[in-house]
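Q: Next input, structure requested:
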Amino acid sequence: MKRIIFIICVISTLSIDSVFAQQTVTVATGGIGWKRVAVVLANGGRSFGRLSIFTTGGDHTPVMTTINWYHDWNINGGISIQTDSKASGYWSQFRLTDDGTNAYIEVNFAVDVSALAVMLDEYSWRAATVYTGTLPDGGGTVRAVADRGRFNIENLFVVGHDGNVGIGTPSSTSKLSVNGQIRAKEIKVEALNWPDYVFAKGYQLSSLQETEKHIKEKGHLPGIPSAAEVETNGVDLGDMNKKLLKKIEELTLHLIEMKKTMSKQSDLLSAQQKQINKMKQIN
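A: Purely as a prediction, here's the structure:
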């Protein structure tokens, strides 16, 4: 018996989308202020992507910033920026805007830059188109803003070149600045010169009369900042804990002295009562 083998070949049609390659153009800002560096045309500007701007030519210090954006129809958007260039006086802010039809990636220039390169990354969906020649002025409805920093997500989380971190604030003058509530299981504050010296011999404990006088004149405890000072400067938790503990220890010493005084008075009253009772018995 002969075997007949049927081989069925199924050829499927593969659909391959074209990949957007990186493109770099050199432009001029044509002045200072908000300028558009790229546009997402039509469909409300729906897109996400990444582009970089950097200076070119020997007249400009080499500076580079990468911008990531997201835009959904005409109602919301997000932007984050990143740069390892520590010194830049060329641009200060970045934002995502739209006009109801298109979306725009804009940069706030502080200097008129004659040779600026804009590079659009292949990472994108509905890729933007970079402008050529002289950049147009910015405008439209602002959907997201990020100030310049080493890393910045919509001014909600900012890492500065000085190592300072801001959460909810675009500018931090401390290693960590938080504009909002902090929730943690544990916070440890390192402190020096803990006020146990209050219990040392020779410590000059202020009298209650002196404390009363200070309160009447100043309106707050000695060594404790006033309400106006706290409102202006805030409170250093470590320093304030030391000051409050010092007051507790001083108050404890006062209570101990008051207890001794009351005990002496009680003993004296008891002795007097005994004398009175004896006199009554004699009479």
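
Q: What degree of burial does residue 162 show, as a neighbour count?
A: For residue 162, the neighbour count with other C-beta atoms under 10 Å is 12. No exception for glycine: its C-beta is placed from N, CA and C like everyone else's.

Q: Does it fall in a helix, a strand, or a coil region?
A: Using DSSP: H, G, I helix; E, B strand; the rest coil, the structure places residue 162 in coil.

Q: measure it to residue 41 for me?
A: To residue 41, residue 162 is 39 Å away according to C-beta to C-beta, to the nearest Å.

Q: and residue 76, what is it in contact with?
A: Neighbour list for residue 76: residue 143 [criterion: C-beta atoms under 8 Å, 6 or more residues apart in numbering].

Q: quick one: low-confidence ranges for this structure?
A: Counting by pLDDT under 70, the chain contains low-confidence residues at 1-22, 57-59, 74, 87, 283.

Q: can you list the domains in it?
A: With automatic domain parsing serving as the domain definition, the record reports that the chain contains domains spanning 23-148, 208-280.

Q: Any chance of a markdown table for these, columns distance to residue 172?
A: A markdown table is the format used below for these (distance: least, C-beta to C-beta, whole Å):
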| stretch | distance to residue 172 |
| --- | --- |
| domain 23-148 | 11 |
| domain 208-280 | 14 |
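
Q: Of those domains, flag the one that's most buried.
A: domain 23-148 (a mean of 18; mean count of other C-beta atoms under 10 Å).

Q: chain center to it, what's the gap?
A: Remark: domain 23-148 is offset 24 Å from the chain centroid, using C-alpha atoms, centre = their mean, to the nearest Å.

Q: do stretch 181-193 as well
A: 18 Å.

Q: I'd like the C-alpha coordinates of that stretch written as CSV, please.
A: Provided in CSV are the C-alpha atoms of stretch 181-193 (Å, rounded to 0.1, in the frame of the first residue of the first chain):
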residue,chain,number,x,y,z
GLN,A,181,2.2,64.9,55.6
ILE,A,182,5.0,62.4,56.4
ARG,A,183,4.0,58.9,57.7
ALA,A,184,6.6,56.5,59.0
LYS,A,185,6.9,53.6,61.4
GLU,A,186,10.0,55.1,63.0
ILE,A,187,12.0,58.3,62.9
LYS,A,188,15.4,58.5,64.5
VAL,A,189,16.9,61.9,65.2
GLU,A,190,20.5,62.1,66.3
ALA,A,191,21.2,64.7,69.0
LEU,A,192,24.2,65.9,71.0
ASN,A,193,24.4,67.6,74.4
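
Q: can you pull out the helices in the stretch 151-283 of the chain?
A: Listed in chain order, the helices found in the stretch 151-283 of the chain under DSSP state H, counting those that start in this stretch are 208-218, 227-233, 237-282.

Q: quick one, the last one and helix 208-218 angle?
A: Translated: helix 237-282. An angle of 130 degrees separates the directions of helix 237-282 and helix 208-218 when computed by axes from the mean of the first three to the mean of the last three C-alpha atoms, to 10 degrees.
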